[in-house]
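Student: Got a predicted structure here, sequence first:
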Amino acid sequence: MTRSTLKTCSTSSHWRTPRAVVEQENITLPELYRWHANHNSDYPLFRYSDGGEVKELDYAHVYQAICRASSYVSAHTGGKGRMPVAVLANADTITYCCMSVGVMQAGHTPFHISPRNGSAAVIDLLSRTQCRIVLVSQDVRASTLAQDVLRQIDDVNLVPLPQFCDLFRPNGEVDEEPPQISRRDAGLRAPALILHSSGSTNHPKPIYWSQKRLVKYGTVPWHGEVDLTGSVIGAHGLPMFHAMGVCICCTAICNGSVLSVFSPSTPPTVPTSDNVFEGAHSTDSHYLLTVPTFVETWSRDAEKVAHMKTMKGLMFGGAPLNQEIGDSLALQGINLITLYGCTEVGTITNFVPESLGMDWAYFRFTTWIDALQVDQGDGKYEIVVLSPEDCPLNVVNTKIGGQDAYETNDLVVRHPDKPYLWKLYGRKDDQIILSNGEKTNPTPIEHIINEDPHIASSILFGEGKLQNGVLIEPSPDYDVVSGDPDSLRSYRNRIWSTIERANQFAPQHSRIFKEMILVASPEKAIEYNAKGLPRRTPNLRRYHDEIEALYAAVERSAQSDIVGPSTWDTDGVRTFVQAVVDKVMQKHVPEYADMFRGGCDSLQATWIRNTILRAIRGQSVEAAARIPMNIVFQAPTIMALTNAIMHALDSDRIHVSTILNPITSDELVEFAEQLSANLPDCPSQLSPLASIKDVVLITGTTGGFGCDVLEHLLREDEVELVYAFNRPGVDVTERQRGRFVERGLDVGLLSSPKFQLVEAELDVPGFGISTTLLDEIRDRVTHIVHNAWKVDFKLGLSSFESDLQAIRNLVELSLSSRHTAPPKIVFISSVGVFSRCTMSPPIPEVPVEPSSAVESGYSASKWVAEKLLQNVSEHKGIPTTIVRLGQVCGNRLGHWNEKEWFPAMIKSALFTHSLPDVDGTASFIPSYPAARALVEMRNSTSPILHLVHPRPVSWHALITPIAAELRIPLVPYSTWLSALERSAADGFAANAEVDAMRQNPALRLLEFFRGQTVSAEKEAMGDVRLSTENAERASPELAHLAQLGEDISVSWVKAWRKSSFLPAVV
């Protein structure tokens, strides 16, 4: 057929739908092809361009080719019963499709094996399926692979795969049907097709499809939003050993679409970005199925972009499309369609949707399957597909409510505004959990790195470590000499700009330092799976020793490219420390500026300390031993660090910690006096508030507890409006929505007119917001709920100056009110102010002496803030209520922040093989009811309230169900602590400091656990018992709160297992 006779392809009026026979659910795939040969004989299934001429193959000719293939297979199976017949081939789409259906029609089960597998994988697949007949294409790759297999399995019969010319007669003649027509003796649920998994973590596994499942797979478009009848779909380069290749051949025969493919040839056309685009263009394809890398290449060609605008859609999957490129194409009106599925289930996304515009990266779930989104407790959801009884899934690996299901291990996130849209996040088993509990999603970072032309592939690593690294295989055209430091350094420098670009995308805890780049050696080449992707687990396993050596070297040398002090005097050391801090923090830090107020985190603090220690060891090993491990936290400015180093160098056997000033009561009092000084007076002319309902300003609502408080405020009938102050940043709204989803809260409340999110800098005068908005807030707010506060018990008091300035600014906001009743301030303090309290329990809800709060900079800063509010209440008449919050023990879904001491203690059981059973009680309070109680307390007249559980439960009652879940014994506290110390010693003997703590976070809190006093007179971990008399009077929720039971302990364990903090089985 010539191009001139074709217009928009055969129209829907020529198509007789097989829907009635398909919905009877009693037809096989070969029978469906035969049905089309009888009812749609002249309707095209395939279209291709051949030397400038566009040709089509209709169902009559396709079915005849299937029959010829069936006869060929029967001749080589000798009339034996049903058996698997492998297809190990590089063949064009038409030939491969007809041969596969022909094998089915002959009564056997085709097994599509990717020729990209190694011989070991192919042998394993043949052994698993007891397959002994292999159809092999005659190209070098497939035939060589087949011969390698034959040398190891001598009873395999290699049969040449017919070519296109063997199946399709040149003159279009039609043969009579062979007698073997789709043997049905095995039933519709018997295996009809075998595919295999990608083999990313081990050898690929065979996956069996039944006839019923295959035909049902073809009905996926019936559940879509677009009628594809008559549409030409470009399927150039889709391999038939991939589930997507099978999908497109099954769906076309159900929906009447026409598949445009490469011209049949031997060997087949190797797909490139150019010939795939040309193939689609020359056949007038309306849609094109392709890979993201091709789309990214086409986006740089104006002519190709112009043509894509005329198409109905570009469908892609298998990897993420670059966000910037996708946005650019979508803005130009190109319909981008994200597809997602898996061999175990089939297509999972809507096929095909209407245009999603700028939401192109998201998708709806198709209704042809029952897909659940199972909350993982961190804003991510795992896709789990239920297996229907009438048409079971190909693979099941779990049960949901007693029903078989398949856990995909794939994670998605919900659209911030459209809850019916979802976006792929990554693999659940690919998530890298660092030793500090932070999680890294490697997929998008690797995608950016792989865009570098000097990089063939990359694999992030870092499980259980303090930081991530990356294993990189150089592209073939870049020669890196293994073991040559100069060659490796040169290569790292060449790709560093790409790593920096990836670091800009990644969260701070996931960024990669140059020292953490591991270059693969040619002698240990990266292994790839059938999809052409690096096999993550096997490759990291093979490079285990190199990775461990890299971490050890980094721990020893830290920032080795920074030269130590030129002179070991104050100026030389200060210059060195300045260079280290600036390099690690990637910006200039003033000499007297607190690094933690400037954004320094624990990872960066470790790098700074290790780099300084490396230099000092080179000068004096004894001096290095006098530097405490938390030196950066104790001396958080460049000048303080400089002075500490100089002391270590000058002193004789005196540890630096002795000259790092501890927090004193006098310091707290002085801080409070400075913070309270020169407060402005209230305006002289005041007027009453117009509103009779509350208008609340609340800070820190993207944190866990603040999130719960916000939901309760938005539900409160007596609250008219809520201003939520949060730090400026990228996608603050999305972050707020994500936290609501993560914590099981009602996201719909964030669309309420009662809610206004404000990006504010609390420690800046005027909060960095517009004057108009500030005036509006000043005129309307009745309550200020201050929740935002840095939580880090290692920091000194000076590191909390920005937090203290923030509460001073909020006090000034209240004082500036022009109303007779200024806004009340409700401050979330902490029971930490009792860390060194000597009062007899239960401690009443009253002010405490400063000596009670000098344990840490955190507790000291809370005391200073309390004192400020007591002063403004007494001297300025501002109503205040200080709410001392106790130990919050998890959200309403059961998840307890894994960075806290109790979860760390529980995980220690994996190493100590025990948990401590101590005397005393625990007044842990769940976050959701605690937040409700706080909202009720906002109008209390009591100046101080204790928000802890009013009915403490014994420690034994809480810990016993956890020990039972983990199947480990309870022991005295001293026994458990000794075991923890032994695990620390073992770790330090084998590895450096970071490695010793990588999987046991309790080691990071060893000093905390050593400092706890166990007594029946106190709470279980040394906390004092508090009175809640006034708090219960202020809050009915607190007054009637039920005592914690065994169920909540079990819920914590389940949540930690779901997030992989704890293993499924200990």
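Tutor: Alright, I've got the coordinates.

Student: can I see the domain layout of the protein?
Tutor: With domains defined by automatic domain parsing, the chain comprises 3-290, 370-421, 431-557, 570-660, 886-923+951-1022+1044-1066.

Student: Distance from the fourth one to the middle of the chain?
Tutor: Centroid displacement of domain 570-660 relative to its chain, using Cα atoms, centre = their mean, to the nearest Å, is 34 Å.

Student: Ok, the second one next?
Tutor: Its chain's C-alpha centre and that of domain 370-421 lie 16 Å apart, by Cα atoms, centre = their mean.

Student: Distance across that domain, terminal residue to terminal residue?
Tutor: 16 Å (Cα to Cα, to the nearest Å).

Student: Run a quick neighbour tally on the nearest residue to Asn1030 once chain neighbours are set aside.
Tutor: Using Cβ to Cβ, 6 or more residues apart in numbering and skipping the chain neighbours, the partner closest in space to Asn1030 is Ser942 (4.4 Å). C-beta coordinates here come from the backbone N, C-alpha and C atoms, glycine included. The number of residues packed near Ser942 is 15, by other Cβ atoms under 10 Å.

Student: From Pro538, how far out is Ser942?
Tutor: Distance of Ser942 to Pro538, computed by Cβ to Cβ, to the nearest Å: 62 Å.

Student: what do you get for Ser458?
Tutor: 15 Å.

Student: quick one: which of these two has more around it?
Tutor: Ranked by neighbour count (other Cβ under 10 Å), Ser458 and Pro538 place Ser458 first, with 26 against 17.

Student: So that one is in contact with Gly469, correct?
Tutor: No. Using Cβ atoms under 8 Å, Ser458 makes no contact with Gly469, being 10.5 Å away.

Student: Tyr551 reaches Lys465, doesn't it?
Tutor: Yes. Shown here, Tyr551 and Lys465 form a contact pair, counting by Cβ under 8 Å, at 6.2 Å.

Student: List the contacts of stretch 220-230.
Tutor: 8-12, 15, 17, 19, 247, 251, 254-258, 287, 312, 346-347, 350-354, 366-368 (Cβ atoms under 8 Å, 6 or more residues apart in numbering).

Student: Could you tell me which of those count as buried?
Tutor: 9-10, 15, 247, 251, 254-258, 287, 312, 346-347, 350-353, 366, 368 (16 or more other Cβ atoms under 10 Å).

Student: So, low pLDDT: which residues of the stretch 551-700 of the chain?
Tutor: Within the stretch 551-700 of the chain, the stretches with pLDDT under 70 are 555-561, 602-603, 621, 625, 651-662.

Student: cutoff 50 now
Tutor: The stretch 551-700 of the chain contains residues with pLDDT under 50 at 653.

Student: what are the ranges of the strands in it?
Tutor: Secondary structure of the stretch 551-700 of the chain, counting by DSSP state E, counting those that start in this stretch: strands at 694-699.

Student: so where do the helices sit in it?
Tutor: Secondary structure of the stretch 551-700 of the chain (DSSP state H, counting those that start in this stretch): helices located at 570-585, 602-619, 621-625, 631-634, 638-650, 665-676.

Student: next one: the stretch 401-550 of the chain
Tutor: 442-449, 485-505, 536-542, 544-557.

Student: Figure out which of these is closest to Ala86.
Tutor: helix 536-542 (23.4 Å; Cβ to Cβ).

Student: residues making contact with stretch 524-543?
Tutor: Here stretch 524-543 makes contact (Cβ under 8 Å, 6+ apart) with 114, 116-118, 196, 198-202, 204, 241-242, 318, 430, 456-459, 461, 471, 473, 518, 520, 547.

Student: Met83: what's it in contact with?
Tutor: With Cβ under 8 Å, 6+ apart, Met83 has these contacts: 77, 108-109, 131-133.

Student: who wins for neighbours among these?
Tutor: His108 leads those on contacts (other Cβ under 10 Å) with 25 neighbours.

Student: hey, which helix or strand in this protein has the poorest pLDDT?
Tutor: The weakest-scoring helix or strand in the chain, judged by mean pLDDT, DSSP states H and E, is helix 993-996 (a mean of 48).

Student: in the helix or strand following that one, what's buried?
Tutor: Remark: after helix 993-996, the chain's next helix or strand is helix 1006-1010, criterion DSSP states H and E. For helix 1006-1010, the buried set under the neighbour-count rule, 16+ other Cβ under 10 Å, comprises 1006, 1008-1009.

Student: and which of those residues is nearest Gly598?
Tutor: The closest of the buried residues of helix 1006-1010, once distances to Gly598 are taken by Cβ to Cβ, is Phe1008, at 25.9 Å.

Student: List the residues that contact Ile878.
Tutor: By Cβ under 8 Å, 6+ apart, Ile878 lies in contact with 811, 814-815, 822, 824-825, 869, 872.

Student: Could you pull up phi and psi at the residue lying closest to Asn891 once chain neighbours are set aside?
Tutor: Among residues not flanking Asn891 along the chain, Arg743 sits closest, at 4.5 Å (Cβ to Cβ, 6+ apart). Here is the backbone geometry of Arg743 (degrees, to the nearest 10): phi -100, psi 10.

Student: All set, thanks.
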